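**Student:** I need the structure of the sequence given here:
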Amino acid sequence: MAIACALPFVLSNYRVFQLTLALVYAIALLGLNMLTGYNGQISLGHGAFYATGAYVAAILMDRFGVPYWLTVPAAGAVCLLAGFLFGLPALRLEGLYLALATYALGVAMPQILKYRHIEGWTGGAQGIVIAKPEAPAWSGLSQDQWLYFVVLLCALGMFAIGWNLLRGRMGRAMVAIRDQPIAAEAMGVNTAMVKSMTFGVSAMFTGVSGALGAIVVQFVAPDSFSILLSISLVVGIVIGGLASIQGAIYGALFIQFVPNLADQISKAAPWAIYGVFLIAFMYVMPTGVAGLVRLVCVRLGRWRR
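**Tutor:** Numbering: from 1, shown residues only. Have a look, this model is predicted:
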């Protein structure tokens, strides 16, 4: 925490902006990891919930003048309801069939946002420009530094909620359904309700992330939320480590910084370099960065004894 709080004062505004986005993605990855890593439901369309949260925040700020900090819980509430409702029919689907249904949601979302009957709210293909929040005079911070600390505070709150949820009865039920669904149901776990609630909570985390992302970037447009965003979130949880809370941070750093690094290495074929990085990470760390960190800690513990 000391390092996290000191970084904005020693880095450039652009680097602070990048770290802020990494924190935003970490919240979304934690939500997706709850669904996929802890509950075993595969989603390839969580970018749709990210877009929903972003547009809720943008519309409330642009059309109704709602303070930016109030739009974040509003986006989370809307996505909680949307995720829960989507999770109800998704109960009939498992594995790759659920992945395909969520993929369809992710593909359709940009077109839905361009729909002419709602473009008065969404801005159509042009999107919505958001005014950048000013830092309070008493803080002595720049706008980028202030937003960094706002997002850091939100991330700490969401990670605390996720940690408590996963360590409680709900978390144990999620893992039981993932590992042995028949045994979990025989022990009295309401699998339908737990799955739907997990989908809703996962969407809520992603919606909060989307709202924060919109505030930080100051702009939302349908093409910003293509299916590539959903795929990147899946890449993030796999690289960071499935069923790992801290893995969301590692995965967020990967999806934020590695594409930029690949672009710096090769302007002609950045995605080829990105693919090489991805293969290398999976070969060296098949259980993700979090799995490697756990293994190193165990080895160090044995060496000390």
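
**Student:** Need the phi and psi values for Arg116.
**Tutor:** Listed backbone geometry of Arg116 is phi -70, psi -30, with angles given as degrees, to the nearest 10.

**Student:** Excluding residues flanking it in the chain, which one is nearest Ile215?
**Tutor:** The shortest distance from Ile215 to any residue that is not its chain neighbour, by CB to CB, 6 or more residues apart in numbering, is 5.2 Å, and that residue is Tyr68. Where C-beta positions appear, they are placed from N, C-alpha and C, glycine not excepted.

**Student:** per-residue pLDDT, that neighbour?
**Tutor:** As predicted, Tyr68 sits at a pLDDT of 96.

**Student:** go on, Arg302?
**Tutor:** At Arg302, the predicted lDDT confidence score is 81.

**Student:** sorry, back to before: my guess is the residue nearest to Ile215 contacts Met61. True?
**Tutor:** Yes. With contact defined as CB atoms under 8 Å, Tyr68 and Met61 form a contacting pair (6.0 Å).

**Student:** So for those two, which sits in the more crowded spot?
**Tutor:** Neighbour tally, Tyr68 and Met61, criterion other CB atoms under 10 Å: the higher count belongs to Met61, 22 against 19.

**Student:** how much space between that one and Ala176?
**Tutor:** Between Met61 and Ala176 the distance is 41 Å, computed by CB to CB, to the nearest Å.

**Student:** Can you check which residues contact both of Tyr68 and Met61?
**Tutor:** Common neighbours of Tyr68 and Met61, using CB atoms under 8 Å, 6 or more residues apart in numbering, are Ile215.

**Student:** helix or strand for Phe199, which one?
**Tutor:** Taking DSSP states H and E as the definition, one finds Phe199 inside helix 191-217.

**Student:** And the strands in the stretch 1-150 of the chain, which stretches?
**Tutor:** Secondary structure of the stretch 1-150 of the chain (DSSP state E, counting those that start in this stretch): strands at 128-129.

**Student:** Now do the helices in it.
**Tutor:** Residue ranges of the helices in the stretch 1-150 of the chain, as given by DSSP state H, counting those that start in this stretch, are 2-10, 13-33, 47-64, 68-90, 95-113, 119-122, 143-167.

**Student:** Please consider this matter closed, and thank you.
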